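[1] Fold the following and give me the result.
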Amino acid sequence: MSGVAERFPILVSSAGRRGALVSILQRTLADLALDGPVIAADASPYAAARHLADIHVTVPRQDDPGYIDALLALSAEHDVRLVVPTHDGELPLLAAARGRFAAIGARVSVSGTEAVAIGRDKAHTHRWLVANGFPTVRQGTVSSVLAGPSQWTWPLIVKPRVGSAAIGVEIVSDAARLVQRADEDVVVQEVAPGIEHTVDLLVLRDGSCAAAVPRRRLEVRAGEVSKGVTVHDPALERLARAIAERLPEPYGVLNVQAFVADDGAIRVIEINARYGGGFPLADAAGAHLAAWTIEDLLGRVPSVAPWRAGLVMLRYDAAVFVDAADIGGA
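    Reported below is the predicted structural model:
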């Protein structure tokens, strides 16, 4: 007679469009012979990923003072074991509340508050990379560039210090345009040569990096990869692992973005302390980071295995169809 499956409810916060992530988590629980559900929480009843989950719940917006309390109550109600955040804006809140979730038996898949702060603020990211000897691009402020424009290699990239999805990112070709963004809280970077890569990483509870999976960006839409391919690049993998393990209190799935030049030179531009939008490609290639996270939490040895290079992801638009009554009318 088979035993009863162990309960392992998972909460995906700010579920939004992360339908593929919800589906991967559902499949992962089945593969590990664990009993869900996968719960999707979002402030909008129109979030597509909500309606792919086993349970979906409307919660306050991230900027609402009751946001974390709502997620805690939801976690307590469903005996959640793992909370998976997906949006940059909620990472500082959930990192700061890790102890409160742990007190009710839920582990938040997020690094410590300092690591989150390093990734959230691009000025902080750059300072940390330089201080730790990791290769990166030259970066400054609008005022520092305008003080000596001839000392910079144009065009330059302007980015909000805190932002995501490429919102507010612009390539500027002259000082006149840069002046127009002088009142904004932005950083200015020289353009890194080469091709952009994202490395999906998994850091276990003991702080070790169990996997580093580079994927080359072939096409980006609205700041998120729409076409990509997994690649084996030992130098990039070693560098990304070193970055992940050097961060203060690293944990869970995170990613590093870098450019790889024709001569192999690498320049890191961003660190994101969360699942990347292109994570499904790593999973499809055999890097089952969600499964290895859960195995580690259960005290098992994660079944880390080789993953496949040369797998191409071609994303397309899909629709979720729900009854208007299920989202409060339309």
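[2] What residues are bridge-paired with the closest residue in space to residue 138 that isn't next to it in sequence?
    Distance criterion C-beta to C-beta, 6 or more residues apart in numbering; nearest residue to residue 138, sequence neighbours excluded, is residue 190 at 4.5 Å. Heads up, the C-betas are built off the backbone N, CA and C, glycines and all. Counting by DSSP bridges, residue 190 forms beta bridges with residue 156.
[3] What's the local residue count around residue 190?
    Using other C-beta atoms under 10 Å, residue 190 is surrounded by 17 other residues.
[4] now residue 328
    Residue 328 sits with 9 neighbouring residues when counted by other C-beta under 10 Å.
[5] residues contacting it?
    Residue 328 makes contacts with residue 45, as judged by C-beta atoms under 8 Å, 6 or more residues apart in numbering.
[6] Spit out the contact partners of residue 195.
    By C-beta under 8 Å, 6+ apart, the contact set of residue 195 is 216-217, 259-260.
[7] Please read the previous query as pertaining to residue 8.
    29, 32, 34-36, 81-82, 294, 298.
[8] Specify which member of the contacts of residue 195 is nearest to residue 324.
    The closest of the contacts of residue 195 to residue 324 turns out to be residue 217 (C-beta to C-beta; 37.5 Å).
[9] From what I see, residue 265 and residue 194 are in contact.
    Yes: the criterion here is C-beta atoms under 8 Å, and residue 265 meets it with residue 194 at 7.4 Å.
[10] neighbour-wise, which of the two wins?
    Per other C-beta under 10 Å, whichever of residue 265 and residue 194 has more neighbours is residue 194, with 16 against 13.
[11] where's that one relative to residue 267, distance?
    Look at residue 194 and residue 267: by C-beta to C-beta, to the nearest Å, they are 8 Å apart.
[12] and what of residue 172?
    Residue 172 is 19 Å from residue 267, by C-beta to C-beta.
[13] What about the closest residue to residue 6 other than its chain neighbours, how many residues nearby?
    Leaving aside its chain neighbours, residue 6 sits nearest to residue 34 (5.5 Å; criterion: C-beta to C-beta, 6+ apart). By other C-beta under 10 Å, the residues close to residue 34 number 18.
[14] thinking residue 34 is in contact with residue 4, fair?
    No: counting by C-beta under 8 Å, residue 34 does not reach residue 4; the two are 11.0 Å apart.
[15] Contact partners for residue 236?
    Residue 236 touches 197, 199, 212, 214, 258, 260, 266, counting by C-beta under 8 Å, 6+ apart.
[16] among the residues you listed, which two are most distant?
    The two members of the contacts of residue 236 with the most space between them (C-beta to C-beta) are 212 and 260, at 13.8 Å.
[17] Looking at the two, which one has more neighbours?
    residue 212 (25 against 21).
[18] Return the set of residues that bridge with that one.
    Counting by DSSP bridges, residue 212 is bridged to residue 201.
[19] my guess is it meets residue 237, correct?
    Yes: contact status for residue 212 versus residue 237: in contact at 4.2 Å, counting by C-beta under 8 Å.
[20] tell me, what's touching these two both at once?
    The contact sets of residue 212 and residue 237 overlap at residue 199 (C-beta under 8 Å, 6+ apart).
[21] Check what pLDDT residue 163 gets.
    pLDDT recorded at residue 163 is 77.
[22] Name all residues that make contact with it.
    Counted by C-beta under 8 Å, 6+ apart, residue 163 has contacts residue 169.
[23] can I see the domain layout of this protein?
    Under the assignment automatic domain parsing, the domains of the chain span 1-110, 111-136+193-330, 138-190.
[24] Residue 88 and residue 117 touch, don't they?
    No: using C-beta under 8 Å, residue 88 makes no contact with residue 117, being 11.5 Å away.
[25] Find residues that contact each of the two.
    Overlap of the contact sets of residue 88 and residue 117 (by C-beta under 8 Å, 6+ apart) is empty.
[26] rewinding a little: any shared contact partners between residue 194 and residue 267?
    259, 261.
[27] So which residues of this structure form helices?
    19-31, 67-77, 91-96, 98-102, 113-120, 122-131, 142-146, 175-179, 234-246, 279-284, 289-297 (DSSP state H).
[28] Counting by contacts, list what the fourth one packs against.
    So the one you mean is helix 98-102. helix 67-77, strand 107-108 (3 or more C-beta pairs under 8 Å, 6 or more residues apart in numbering; DSSP states H and E).
[29] what's next to the last one, contact-wise?
    This means strand 107-108. So strand 107-108 is contacted by 81-83, 85, 94-95, 97-98, 101, 297 (C-beta under 8 Å, 6+ apart).
[30] With neighbour count as added columns, please give those residues in CSV.
    Formatted as CSV, the contacts of strand 107-108 follow (neighbours: other C-beta atoms under 10 Å):
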residue, neighbour count
81, 19
82, 22
83, 26
85, 25
94, 26
95, 22
97, 20
98, 19
101, 22
297, 16
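[31] okay, those in a markdown table with pLDDT and distance to residue 55 next?
    Formatted as a markdown table, those follow (pLDDT from 0 to 100; distance: C-beta to C-beta, whole Å):
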| residue | pLDDT | distance to residue 55 |
| --- | --- | --- |
| 81 | 98 | 14 |
| 82 | 98 | 14 |
| 83 | 98 | 14 |
| 85 | 97 | 17 |
| 94 | 98 | 19 |
| 95 | 98 | 25 |
| 97 | 98 | 21 |
| 98 | 98 | 23 |
| 101 | 98 | 18 |
| 297 | 98 | 20 |
